[in-house]
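Participant: Here is the input, now give the coordinates:
(one chain, ligands or ions: 1)
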Amino acid sequence: MRNIRNIRDIRNLGILAHVDAGKTTVTERVLYLTGATHKRGEVHDGTTVTDFDPQERDRGITIFAAAVSCDFDGHRINLIDTPGHVDFADEVERSLRVLDGAVAVFDAVAGVEPQSESVWRQADRHGVPRIAFVNKLDRAGADLDAAVASIRRRLGVVPLTVQLPIGREAGFTGVVDLLRMRALVWDGAGGGPVELPVPDDLFDEARRRRRLLEEAVAELHAGALEEFFARSGLSADTLAAALRDITLAGDGVVVLCGSAYRNRGIEPLLAAVVAYLPSPLDVPPVAEDRPADPRAPFAGLVFKVNSTARGRLTYLRVYAGTLRKGDVVLDVGAGRTERVGRIVRVQADRHADTDQAVAGDIVAVAGVKGARPGASLAAPGAPLLLEAPVTADPVVSVA
Ligand code: GDP
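Facilitator: This next block holds a predicted model:
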C-alpha cells in the first residue's frame, strides 16, 4: 500500500445498510477489487474477511477490523465498520463521527426498509454526506425505479439517479452511465466492466433520463442552473461538479445501482465515492487550531478497541497533526500519557506496520494500554477533548 501524499486523496467511508441489504458483500467486493484481498469471499461459504469467522482466525486473517484500508485509483479508502445493531448505539454514533462520507446500501426488491430509515436519520444528525447504492439488481422482482421512489418518499431526499440498468433481474448485465453516456457491461467472469456505446434500444430512454437528471441538478444548484439555460443542457463536467456540491450540502443523493453478489457495479460505485464524497479537508476541523494538517498539534479520537489473540488494537482517527511510532501522547480525559508502540494499517488480509499516520487518516495502534473507545488523544503540550470522558469499559474481546 503506497503512502498517501495528499490528504485530499483520503476517503473515510462507512457503509450503511439494513441488515441483509448486502453490506458485507459490497465490502467484500470492494476489498477484492482494490486488490486488498486475494480471494473473493462469499457470504455463503464463510470466507468473507469482514465478518467474524473462526476459519479466518485460524488463518490469521483480519476479520473483526473496525477499519480496513484499501487503495482505489490513487486514493486511499478507509472503510469504517458501522455496527448496524441499535444495541450498540454508542458505537454507531462514534463510527459515524469518524467517517466523512457513506454509501447507503438498499435492496432493489425491498427498497427503503425501516432500519435503513433509522440509520439514514442518524447519519442526517451527524451531517454525513451520502451516496446510495441500490443492490441486488439481479434478483427476481428487483426494480430500481421503485427503490428510488421509496428513497424519495421515505427518506424525503431528492434522488439523483446517474445510471440506467441494462437488462432486468437475472439478465442484468450492466449500466448506462448517464453522465458520460456510455455503457458499462460486465461479462460475468468477475473482471472489470467493458465500455461500450449505449445500446440502440436504450438510447432514447437514456437521453430522457439524462435530461431528468440535468433538470433535477439544475433545480438544486445555482451554477448548474445558469449553464442549463445558457447551453440548454449540462456538460458532464458541470454535472459531476454540481453532484459533488449537492452531495456535500446534503440537498440530494446520487443513486447508483448494481449487484454486489454478481460483482456488477462496484467500480462505478468506488469512482463515485472518490468523485462525490468528501476528503478530510472538506469537513470542518475539530477545533480552530487543529486543521487536517500534518503540521498542526496532534489530536485523535479512539473509536474502537479490539482485544485480539495478538494483543490489543486501538483504532483511532487522526484529526490533526502527525502520529509517529514511539510518540508519547496524552489521553486527555484520563490525564495519563501513553507511548505509541506500533502503528498498524489493517488491510483485508494482513496488518501492515507503518511509521506514521497523518491528519485525516485512520489507523490502529498497538501498545496503547489504557485508552478506551471515545478517548481523546493529543500532543501532551496541546490537550484537546473531543468527547466527554467515558467510564464504562466497552472493550470487545474477540479472541
Ligand atoms: P448484510 O447483512 O447487509 O451484510 O448483507 P450480506 O452481504 O450478508 O448479504 C445478505 C444476503 O444477500 C447474502 O445471502 C448475500 O449473498 C445476498 N446478496 C448480497 N448481495 C446480493 C446481490 O447483489 N444479489 C443477490 N441476489 N444476493 C445478494
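
Participant: wait, isn't Ala352 in contact with Ile343?
Facilitator: No. Using CB atoms under 8 Å, Ala352 is not in contact with Ile343; the gap is 9.7 Å. C-beta: built from backbone N, CA, C; applies to glycine.

Participant: how close does Ala170 sit to Tyr261?
Facilitator: 12 Å (CB to CB, to the nearest Å).

Participant: more neighbours, those two?
Facilitator: Tyr261 (19 against 12; other CB atoms under 10 Å).

Participant: what secondary structure does the more buried one sit in?
Facilitator: coil (DSSP: H, G, I helix; E, B strand; the rest coil).

Participant: Quick check, pLDDT for the closest residue in space to it that isn't next to it in sequence.
Facilitator: Spatially, and ignoring its direct neighbours in sequence, Tyr261 is nearest to Thr25 (5.6 Å; CB to CB, 6 or more residues apart in numbering). Per-residue pLDDT puts Thr25 at 92.

Participant: cool, the one 5 residues further on as well?
Facilitator: Residue-level confidence at Val30 comes out at 92, pLDDT.

Participant: Then it would be within a strand, right?
Facilitator: No. Assessed with three-state DSSP, Val30 is helix; it does not lie in a strand.

Participant: Any figure for the gap between it and the ligand?
Facilitator: Separation of Val30 from the ligand (CB to the nearest ligand atom, to the nearest Å) stands at 12 Å.

Participant: Could you tell me how many residues sit around the nearest residue to that residue once chain neighbours are set aside?
Facilitator: The shortest distance from Val30 to any non-neighbouring residue, by CB to CB, 6+ apart, is to Ile266 (6.2 Å). Neighbours of Ile266 under the rule other CB under 10 Å: 26.

Participant: and if you look at Arg211?
Facilitator: 13.

Participant: helix or strand for it, which one?
Facilitator: If you go by DSSP states H and E, Arg211 is part of helix 200-220.

Participant: Quick check: buried residues in that helix?
Facilitator: By 16 or more other CB atoms under 10 Å, the buried positions in helix 200-220 come out as Leu202, Ala206, Arg209, Arg210, Leu213, Glu214, Ala216, Val217, Ala218, Leu220.

Participant: Now that we're looking at Asp45, what pLDDT does it have?
Facilitator: 43.

Participant: does Leu79 really touch Glu28, like I thought?
Facilitator: No. Using CB under 8 Å, Leu79 is not in contact with Glu28; the gap is 10.6 Å.

Participant: Could you list the residues of the stretch 101-250 of the chain in contact with the ligand?
Facilitator: Asn135, Lys136, Asp138, Arg139 (CB under 6 Å from any ligand atom).

Participant: Which ChimeraX command selects the buried ones in those residues?
Facilitator: In ChimeraX, this line selects whichever of those come out buried by 16+ other CB under 10 Å:
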select :135,136,138,139
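
Participant: Now secondary structure too, for the residues of the stretch 101-250 of the chain next to the ligand, in JSON lines please.
Facilitator: Listed next are these as JSON lines, based on three-state DSSP:
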{"residue": "Asn135", "secondary structure": "strand"}
{"residue": "Lys136", "secondary structure": "coil"}
{"residue": "Asp138", "secondary structure": "coil"}
{"residue": "Arg139", "secondary structure": "coil"}
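
Participant: For Ala170 and Tyr261, list the residues in contact with both.
Facilitator: By CB atoms under 8 Å, 6 or more residues apart in numbering, Ala170 and Tyr261 have these common neighbours: Asp138.

Participant: quick one: low-confidence parts of the stretch 101-250 of the chain?
Facilitator: Low-confidence segments of the stretch 101-250 of the chain (pLDDT under 70): 190.
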